[in-house]
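Novice: heads up, no residue letters with this:
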């Protein structure tokens, strides 16, 4: 069925009118794929007597939706964008997707057929690198952003597409708050899947600690309600496990009474690397000491283009901060009057109009912030501002430094200590010789307190975490070749930072998809560092088992990397024995400390997928035989080792998908090994080869792997 006939058929049955695919997608060979999936969707929705919204390339709505990304670097061209409005419509979309995949695989059985099989993306807050991918089918939940509140039980139910701004704005009408992320455009569900550190986490725990129940639709279209007592495996994995099991259509969260908060901001002058290191250390002593109680949150923004470090400190102490709307207005009036006076943490002498407010809200009486009257962290400060404001306004304060539409390349790390080594890396990266001196920056956000004390039944195990380090490489619009080089420099800088943090004691990766930014060091050490891992061995194995049980066909193939430190706990100095990657003089090596692996002939097809049976006389084939002690043949990017989608020019590496896992059995049919082969990009356009005995599947599974699973 061609695109024109497809439109005619849709008009006859009264379904959505689909536009003809754009010229771009016709060139890329996706028009036939679009026709297959649209036909499957029409059939399923016709059978269920439902309506559906499909956005194809070429329509204005498609262009608007694909560009509505928090990060411009993630803007791409999906094959289709689906916009369900109910859980039933999501279920129908999943059933149609699996049917479309089977039809594509059936088409590929025809000799000479190379029909691409689109992967499935789920877009909620649209901050994740996995929200949209070029050539993918996107399940867009932007039509599901409702929030309902139960004042009696102090709980709220949030739909899958809701963002932090939707949740906080709704709860503000009831004088309540819920634990969410800092950035108000962040998706609520995405925040929960990665843990969720917010302004109130030091008192109430992470976002994932406050999930009471959730509704999730599995790959086969079934809706499951999970809580600690029902489908507890789903509940456990959703709370900080990174996702990849289904589409979360709603969650029920615990809420807390709070209307107003206190906000203190100023800049710290750090003209040298020594002063910046001393300032960070002094800030660490304050925020993790007894002077900063659980009501206080703080973070530092370390810029790479300025000596001014931005400080933010907040308090939600309801015993000291008045919780009426009138008090906010009085405070704002006083702040305007004092803006013309030298900075002071005390207010004017009480008058009849403001006597009650001054007595109850003097900054000298707010625990944690009053100590900052004399504590300057060893640096000169300026631009001081103190306010009492509504919690929704506090949440929107992040808009000053998280502006949607920027180009950025980010990575996140947890650490339970800011020791001298970590501080040195942060200072060198932002003001030292390794600073890119552009608009990139690093945020250091405070955790600890309730996060460390809670022991809920969840997959999030970084309970010793006291800080989240958010590395944000940024650049301006990449409109020319010069700015493309700047982008490459920024990406290299992010990798430089995380690679060094990986080797610091008590540092570990997060469960967010951006953990794929973490690269194995190229120093020659054959074992991955502790900071590369994001789960304990027990939790990692359980997550994989749940994945196999709940998504056996790997429909949700774009999910968080799962990695653990074998036979050790997170945060120790023991090294990994399971994932080995080494490059010395640009030559990849295969090693295994557990047993000797022998991999027979490996055939690598230029521009295609890895297969075990190919003609030896093909000009596009490179082959190499190796054991665990042999070097692989050095192959450059021009030889293209593994499958890449057709839309990538001549098989160049997709920087958004830096790793790919392939089962050894798929390469060597005679092998009985359960391990996986990993190909990933390294410097100088070479490739590296690894063996992973965790039997994990990366977010960038090959199309061959999708075919293999669906063929079962």
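Specialist: On my side now, so go ahead. The structure displayed is predicted, hence computed values, not measured ones.
Novice: and the chain, what are its domain boundaries?
Specialist: Domain ranges of the chain: 3-140, 145-327+367-575, 578-710, per automatic domain parsing.
Novice: and residue 81, that one's in a helix?
Specialist: No - assigned with DSSP: H, G, I helix; E, B strand; the rest coil, residue 81 falls outside any helix and is strand.
Novice: tally of neighbours for residue 250?
Specialist: When counting by other Cβ atoms under 10 Å, one arrives at 21 neighbours for residue 250. Every residue, glycine included, has its C-beta placed from N, CA and C.
Novice: try residue 34
Specialist: 24.
Novice: hang on, it in a helix?
Specialist: Yes - membership of residue 34 in a helix is supported by three-state DSSP.
Novice: isn't it up against residue 79?
Specialist: Yes - using Cβ atoms under 8 Å, residue 34 makes contact with residue 79 at a distance of 5.9 Å.
Novice: and residue 110, its phi and psi?
Specialist: As for residue 110, its main-chain torsions (degrees, to the nearest 10) stand at phi -70, psi 130.
Novice: and it, how close does it get to residue 32?
Specialist: Separation of residue 110 from residue 32 (Cβ to Cβ, to the nearest Å): 12 Å.
Novice: check residue 366 too.
Specialist: Per Cβ to Cβ, residue 366 is found 64 Å from residue 32.
Novice: looking at those two, which one has more neighbours?
Specialist: It is residue 366, of residue 366 and residue 32, that has more neighbours when counted by other Cβ under 10 Å, with 25 against 18.
Novice: these two touch, right, the more buried one and residue 263?
Specialist: No - using Cβ under 8 Å, residue 366 is not in contact with residue 263; the gap is 11.2 Å.
Novice: how much space between residue 477 and residue 410?
Specialist: Taking Cβ to Cβ, one finds residue 477 at 18 Å from residue 410.
Novice: again with residue 451
Specialist: From residue 451 to residue 410 the distance is 21 Å (Cβ to Cβ).
Novice: quick one, which of those two is more surrounded?
Specialist: Neighbour count, other Cβ under 10 Å: between residue 451 and residue 410, residue 451 has more, with 24 against 19.
Novice: so the more buried one sits right up against residue 461, yeah?
Specialist: No - counting by Cβ under 8 Å, residue 451 does not reach residue 461; the two are 11.6 Å apart.
Novice: tell me the pLDDT of residue 685.
Specialist: We have a pLDDT of 31 for residue 685.
Novice: make 21 the first number, not 1, from now on.
Specialist: OK, 21 is where the count begins now, so the last one is residue 705.
Novice: only the buried residues of stretch 127-141, if you could.
Specialist: Residues of stretch 127-141 classed as buried: 128, 135-141 (neighbour count, 16 or more other Cβ atoms under 10 Å).
Novice: redo the residues you listed as a markdown table? Include pLDDT and secondary structure.
Specialist: Listed next are these as a markdown table, based on pLDDT from 0 to 100; DSSP: H, G, I helix; E, B strand; the rest coil:
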| residue | pLDDT | secondary structure |
| --- | --- | --- |
| 128 | 88 | coil |
| 135 | 85 | coil |
| 136 | 87 | coil |
| 137 | 90 | coil |
| 138 | 92 | coil |
| 139 | 93 | coil |
| 140 | 95 | strand |
| 141 | 95 | strand |
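Novice: lowest-scoring secondary structure element of the chain by mean pLDDT?
Specialist: None of the helices or strands of the chain scores lower by mean pLDDT, DSSP states H and E than strand 602-604, at a mean of 25.
Novice: how about the helices in the stretch 371-520 of the chain?
Specialist: 375-380, 411-415, 440-450, 470-473, 501-521 (DSSP state H, counting those that start in this stretch).
Novice: so which of those helices comes closest to residue 67?
Specialist: Judged by Cβ to Cβ, the one of the helices of the stretch 371-520 of the chain that comes nearest to residue 67 is helix 411-415, at 43.2 Å.
Novice: for the closest one, name the packing helices and strands.
Specialist: In terms of contacts (3 or more Cβ pairs under 8 Å, 6 or more residues apart in numbering; DSSP states H and E), helix 411-415 is packed against helix 184-192, strand 280-289.
Novice: show me what counts as buried in that helix.
Specialist: 411-415.
Novice: just to revisit the earlier point, residue 353 is nearest to which of the domains of the chain?
Specialist: Among the domains of the chain, if distance is taken as Cβ to Cβ, the winner is domain 165-347+387-595, at 10.9 Å.
Novice: strands along the stretch 221-370 of the chain, start to end?
Specialist: 231-237, 243-246, 267-274, 276-277, 280-289, 316-323, 328-335 (DSSP state E, counting those that start in this stretch).
Novice: what segments of the stretch 21-170 of the chain are strands?
Specialist: According to DSSP E, counting those that start in this stretch, the strands that the stretch 21-170 of the chain contains are 74-75, 100-102, 140-143, 157-160, 167-170.
Novice: can you list these in a markdown table and add distance to residue 222?
Specialist: Listed next are the strands of the stretch 21-170 of the chain as a markdown table, based on distance: least, Cβ to Cβ, whole Å:
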| stretch | distance to residue 222 |
| --- | --- |
| strand 74-75 | 42 |
| strand 100-102 | 39 |
| strand 140-143 | 30 |
| strand 157-160 | 34 |
| strand 167-170 | 24 |
